[in-house]
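A.B. asks: With the sequence up front, the predicted model follows.
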Amino acid sequence: MKSLTAAQTAGMIIAACDAIIENKPYLTEVDSKIGDGDHGIGMSGGMEKAKAALLEKGTFNDINTVFQITGMTMLNSMGGASGVIFGSMFLGGIKKLEPCKELDGEIFTKIMRGSLNSIKERGKAQVGDKTMVDALEPAVIAMENSDKDDLAALLDKAEKAALQGVENTKNCVAKFGRAKSLLERAIGYQDAGATSVSIIFGAMHSYVQNL
Amino acid sequence: MKKILNKDSNVVEEMLDGYLSAYGRYYEAIPGASAFTYKGRRKNKVSLVIGGGSGHEPLFSGYAGKGLADAVACGNIFASPNPQLIQSTAKAVDEGKGVLFIYGNYAGDNLNFDMAEELCDLEGIKTAHVRVWDDCASAPKERIQDRRGIAGDVYVIKIAGAACDAGFDLEEVTRIAEKARDHINTIGLATAPGSIPGLDKPTFELGEDEIEFGMGLHGEPGIERTTMKPANELVDRMYRELKAEMNLKASDEIAVLVNGLGSTTLLELNIVYHDLSRHLAEDRLIVHDAEVKSFCTCQEMGGFSITILRLDDELKKYYDTPCFSPFYAREEIKA
């Protein structure tokens, strides 16, 4: 599979929404170890609304609209740091992107890089700060370093890198959010935001693989 | 956990609907948003908009009113309102004089209010913000911008509301609100966890006989966990922290807020003030005003916080103007 149509792109994002909704209890559990336990509620709430908005729109002229609707719906329904950060995961990369009919490996990689940059600029987080950037940045780098011709292989690499990133968050103290004041007591626990990133990449990967 | 909730419903929507139905005399909902305005607000002045996560009532929804905020943006439980919601709230009360946002210094609030200010800017609404960071247990003084906002919000909103009503421009109102913020410190004590409505688990674990000094409203770890002690020993420890932090000296003039975190009763809170007032008298501080009740809570969290506002002539002037909301009212204070 070299590229997705706009409809398939929407299908892929909806698959990511479903995966987050399904993992709400797991995300809650991960977050309550070092955060205040609302990450699962926030993410599944936002992605339920994003899924509904995508289904309501139904047909898409370009892939930009898919990302736009997803990001705006999350941004304007979730609130909290996650609303801005995960909204930007879908919005940041399409800001300067010409309308595209299809999502190929090159464009997808470019979108994810743009999103990562936008998240880092807004949230001021770097790798090692125990945030979702710890999963997103390696995923983006993995995409940049792989062959763009096979979308499933590209997302496979991204998913693996994101999962490794989640593992790495266990070794860090948090620089942001409510886990920050835990200092070294946060070590040993994975970051909930990074976990969500790995779930999103995992779901996108399975969707593309099963096409 | 037995909580009075409906099945599969939006708790924030239902709470706001109830609140605005009951207090419709004062407030008006902003259509399509979890936000409302104070009907009696003065015109032709800088507008004061406050907001934050829900679940801490009466903060923030209880502090819109006469001499207080003009509008409130209510987020989901313990989560900041989103940028569009904040912007619609600002737009609903902007008089062309600009909007001052006051909110607690948390990562989510900062991100969302910043984006909301960008949205306001696109529409030609002038904005400024003051982030409240009164919790001196949440980070050392050198990292003051990492400190969280807790009950001190109430004083900053009160003083900013009075400054807005006095008719100053946005820059001046912001200066006064920042000055108030910089003269306020709070320290809290948790005896029991709160919970997120709809989740069965408490937001943190605290042993039956344990307490934690400096613990945050959402269970953020504090400065010391110890066994339960008599009220006077708890107050001693907390007052010592505040006194050192604020370098309080004889004849300093202060206002004091004893705040219950949710399930701690007024009886207990008044015992706290009983012990606290002895310290204040011993140190010959001049207590201009004191208030004891629940201002800023976290559901059924147990414990309390002590907030001290150090007054000077300027702050006192705005502190002393009368104000009214169903949850926060003050008559004119006559010397």
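C.D. replies: Ah, there it is. Numbers count the residues shown, from 1 in each chain, chains lettered A, B, ... in the order given.

A.B. asks: which non-adjacent residue is nearest B:V130?
C.D. replies: Distances taken as C-beta to C-beta, 6 or more residues apart in numbering or on different chains place B:A177 nearest to B:V130, at 4.4 Å, with adjacent residues excluded. (C-beta placed from N, C-alpha, C; glycine too.)

A.B. asks: The one you found and B:P58, how far apart?
C.D. replies: 20 Å (C-beta to C-beta, to the nearest Å).

A.B. asks: neighbour count winner among those two?
C.D. replies: Regarding B:A177 and B:P58, a neighbour count based on other C-beta atoms under 10 Å in any protein chain shown identifies B:A177 as having more, with 26 against 18.

A.B. asks: A helix includes the more buried one, no?
C.D. replies: Yes - counting by DSSP: H, G, I helix; E, B strand; the rest coil, B:A177 is part of a helix.

A.B. asks: For chain A, which residues are neighbours of chain B?
C.D. replies: Remark: the part of chain A in contact with chain B comprises A:28, A:32, A:36-38, A:41-42, A:45, A:75-85, A:122-123, A:176-178, A:180-182, A:185, using C-beta under 8 Å from any C-beta of the partner chain.

A.B. asks: sorry, back to before: may I ask you to confirm that the residue nearest to B:V130 is in contact with B:R131?
C.D. replies: No - distance between B:A177 and B:R131: 10.2 Å, which falls outside the contact criterion (C-beta atoms under 8 Å).

A.B. asks: Could you give the average pLDDT over stretch A:173-183?
C.D. replies: Stretch A:173-183 shows a mean pLDDT of 78 in the predicted model.

A.B. asks: For stretch B:300-317, give the mean pLDDT please.
C.D. replies: 97.

A.B. asks: Now do the helices in chain A.
C.D. replies: A:6-22, A:24-34, A:39-57, A:63-78, A:80-91, A:105-123, A:133-144, A:151-169, A:192-209 (DSSP state H).

A.B. asks: Check chain A for the residue nearest chain B and tell me.
C.D. replies: A:G80 (3.3 Å; C-beta to the nearest C-beta).

A.B. asks: residues touching that residue, list them.
C.D. replies: By C-beta atoms under 8 Å, 6 or more residues apart in numbering or on different chains, the contact list for A:G80 reads A:D38, A:G42, B:G53, B:G75, B:N76, B:F78, B:A79, B:S80, B:G108, B:N112.

A.B. asks: ok, the helix or strand hosting the fourth one: who's next to it in the sheet?
C.D. replies: Counting by DSSP states H and E, the element that carries B:G75 is strand B:71-77. Sheet neighbours of strand B:71-77, with direction, are listed as strand B:35-38 (antiparallel), strand B:47-54 (parallel) (DSSP bridges).

A.B. asks: Is there contact, residue-wise, from whichever helix or strand comes after it to chain A?
C.D. replies: Moving toward the C-terminus from strand B:71-77, the next helix or strand (DSSP H and E) is helix B:83-93. Yes - using C-beta under 8 Å from any C-beta, we find that helix B:83-93 touches chain A at B:P83, B:Q84, B:L85.

A.B. asks: ok, of those residues, which come out buried?
C.D. replies: Among these, the ones that count as buried by 16 or more other C-beta atoms under 10 Å in any protein chain shown are B:P83, B:Q84, B:L85.

A.B. asks: quick revisit: now distance to B:N270 too, for the residues of helix B:83-93 next to chain A, in CSV please.
C.D. replies: Compiled in CSV, the residues of helix B:83-93 next to chain A are given as follows (distance: C-beta to C-beta, whole Å):
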residue, distance to B:N270
B:P83, 41
B:Q84, 43
B:L85, 37
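
A.B. asks: Nearest to chain A among the residues you listed?
C.D. replies: Of all the residues of helix B:83-93 next to chain A, chain A sits closest to B:Q84, with 4.3 Å by C-beta to the nearest C-beta.

A.B. asks: excluding its backbone neighbours, what's nearest the closest one?
C.D. replies: Counting by C-beta to C-beta, 6+ apart, B:Q84 lies nearest to A:N76, which is 4.3 Å off, once chain neighbours are set aside.

A.B. asks: Verify the stated contact: that neighbour with B:P81.
C.D. replies: No - if you go by C-beta under 8 Å, A:N76 and B:P81 don't touch, sitting 10.0 Å apart.

A.B. asks: For the residue nearest to A:A19 when sequence neighbours are not counted, which residues are in contact?
C.D. replies: With sequence-adjacent residues excluded and distances taken as C-beta to C-beta, 6+ apart, A:A19 is closest to A:A203, at 3.5 Å. A:A203 makes contact with A:A15, A:A16, A:D18, A:A19, A:I20, according to C-beta under 8 Å, 6+ apart.

A.B. asks: what about the third one, how many neighbours?
C.D. replies: Same thing as A:D18. Neighbouring residues of A:D18 were enumerated by other C-beta under 10 Å; the total is 16.

A.B. asks: With the fourth one instead?
C.D. replies: Other residues lying near A:A19 total 19 when counted by other C-beta under 10 Å.

A.B. asks: picking up where we left off before, in JSON lines: the buried ones among the residues of helix B:83-93 next to chain A, plus pLDDT and distance to B:P221.
C.D. replies: Shown next, in JSON lines, are those (pLDDT from 0 to 100; distance: C-beta to C-beta, whole Å):
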{"residue": "B:P83", "pLDDT": "96", "distance to B:P221": "30"}
{"residue": "B:Q84", "pLDDT": "95", "distance to B:P221": "33"}
{"residue": "B:L85", "pLDDT": "97", "distance to B:P221": "30"}
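
A.B. asks: Count the neighbours of residue 46 for me.
C.D. replies: No chain specified, so I'll use chain A. One way to gauge burial is a neighbour count; for A:G46, by other C-beta under 10 Å, it gives 28.

A.B. asks: Hmm, no, I was thinking of chain B.
C.D. replies: When counting by other C-beta under 10 Å, one arrives at 27 neighbours for B:V46.

A.B. asks: right, and it touches B:G96 too?
C.D. replies: No - look at B:V46 against B:G96 with C-beta under 8 Å: they stay out of range, at 9.9 Å.

A.B. asks: if I pick the closest residue to chain A within chain B, what's in contact with it?
C.D. replies: For chain B, the residue positioned closest to chain A under C-beta to the nearest C-beta is B:A79, at a distance of 3.3 Å. Taking C-beta under 8 Å, 6+ apart as the criterion, B:A79 is in contact with A:D38, A:G42, A:M78, A:G79, A:G80, A:S82, A:G83, B:G53, B:G108.

A.B. asks: which helices and strands sit right next to the lowest-mean-pLDDT helix or strand in chain A?
C.D. replies: The weakest-scoring helix or strand in chain A, judged by mean pLDDT, DSSP states H and E, is helix A:24-34 (a mean of 91). In terms of contact count using 3 or more C-beta pairs under 8 Å, 6 or more residues apart in numbering or on different chains; DSSP states H and E, helix A:24-34 is assigned the packing partners helix A:39-57, helix A:192-209.

A.B. asks: Quick one: distance of the first one to the chain centre.
C.D. replies: A distance of 13 Å separates the centroid of the chain from that of helix A:39-57, by C-alpha atoms, centre = their mean, to the nearest Å.

A.B. asks: List of residues touching it?
C.D. replies: A:10, A:13-14, A:16-18, A:20-21, A:23-31, A:65-66, A:69-70, A:73-74, A:77-80, A:82-83, A:86-87, A:192-193, A:196, B:76-77, B:79, B:196, B:198-199.
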